[in-house]
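Q: Turn this into a model:
(one chain, ligands or ions: 1)
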Amino acid sequence: MFFKKKTVQTPVTDERLNSVAIIMDGNGRWAKRRALTRSAGHVAGAANIKNVLRLARDFDIHYLTLYAFSTENWKRPKEEVDGIMKLAVQYLDSAIDEMKKNDQICFRFVGDTSVLSDEIQERIALVRSMDHGQPFVCNVALNYGGRDEILHAANEAVKDGITHITAQDIDERLYTAGTPHPDLLIRTGGEMRVSNFLLWQIAYTELYVTKTLWPDFGRKEFLGAIDAFYGRDRRFGGL
Ligand code: FPP
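A: Numbers count the residues shown, from 1 in each chain. Predicted structure coming up:
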């Protein structure tokens, strides 16, 4: 359990690190360094999700939101896209198994999933039917784009007959509705950008970039990010 070293003026969620988002970058470089294919890098990346999820639970982080496939990732070679979609199916199967065994964890697949294959959509529907307010939530972003999400939420509000849209109207219609806005966004692989991830939700999120490549991101690196978070003075626009 971790506690803040400094006083928070206006907490968004609570003083404890509760909601973490991760841009899992660097699978390709990890593979290249080992003379492996990019797809092999994604296999290693997918395996690491399980470790990091276990660590998040050890650290009492209740919400984890992972960027697995963006609306822009379709531009990658077909072989690589097919490999990631195959991993998505395997990941969904293991998420279903985990939810059957463990009533503490819930997986949610966020993004425009309506264009994904039938085998993925069927599994997502099953996962949704098993969602009953479990205390630990792992959101996996698939065909996700932050701009797309905001437009989708605004259009849903219009469909609901709202003429003057408020921030709450958007919040309630985000793909990630129900997950507190992240306290901390971690990006592995060293790039200093947010790549269209959670654009609405990260307004006051602390950012942490590490050069560590995603498949190598483990306990020591996660603790480094948590330590950096607790060293920050979050003011949310105040003094
Ligand atoms: C970015 O690394 C990573 C991705 C675009 C895909 C992330 C996918 C996984 C972690 C595994 C798939 C998991 C599921 C649940 C579908 P990159 O390929 O851009 O790496 P690079 O910057 O080193 O080239």
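Q: Stretch 77-92: which residues count as buried?
A: For stretch 77-92, the neighbour count (16 or more other C-beta atoms under 10 Å) marks 80, 83-85, 87-88, 91-92 as buried. The C-beta positions use only the backbone N, C-alpha and C, and glycine is treated the same way.
Q: got the residues of the protein near the ligand?
A: Contact residues, the chain versus the ligand (C-beta under 6 Å from any ligand atom): 24-29, 38, 42, 45-46, 68-69, 73, 84, 87-88, 91, 140, 189, 214.
Q: again, only using 5 Å
A: Proximity of the chain to the ligand (C-beta under 5 Å from any ligand atom) is limited to residues 24-29, 42, 45-46, 68, 87-88, 91.
Q: hmm, back to that, just the ones of the buried residues of stretch 77-92 in helices?
A: Of these, the ones assigned to helices by DSSP state H are 80, 83-85, 87-88, 91-92.
Q: quick one: which of those is nearest residue 62?
A: residue 91 (20.1 Å; C-beta to C-beta).
Q: Leaving out sequence neighbours, find the closest residue to that closest one.
A: Spatial nearest neighbour of residue 91, excluding adjacent residues (C-beta to C-beta, 6 or more residues apart in numbering): residue 46 at 6.1 Å.
Q: do the same with residue 229
A: Closest residue in space to residue 229, ignoring its immediate chain neighbours: residue 184 at 4.8 Å, by C-beta to C-beta, 6+ apart.
Q: The one you found: neighbouring residues, count only.
A: Neighbourhood size, residue 184 [other C-beta atoms under 10 Å]: 22.
Q: what residues are up against residue 189?
A: Residue 189 sits next to 23, 25-26, 29, 211-214 when contact means C-beta atoms under 8 Å, 6 or more residues apart in numbering.
Q: three-state assignment of it?
A: coil (DSSP: H, G, I helix; E, B strand; the rest coil).
Q: wait, isn't residue 188 in contact with residue 30?
A: No. Counting by C-beta atoms under 8 Å, residue 188 does not reach residue 30; the two are 9.7 Å apart.
Q: got a pLDDT number for residue 12?
A: On the pLDDT scale, residue 12 is placed at 50.
Q: Then the one 3 residues further on?
A: Looking at residue 15, its pLDDT stands at 77.
Q: secondary structure element for the residue of the chain positioned farthest from its centre?
A: Within the chain, the residue lying farthest from the chain centre (C-alpha atoms, centre = their mean) is residue 163, at 30.8 Å. Taking DSSP states H and E as the definition, one finds residue 163 inside no helix or strand.
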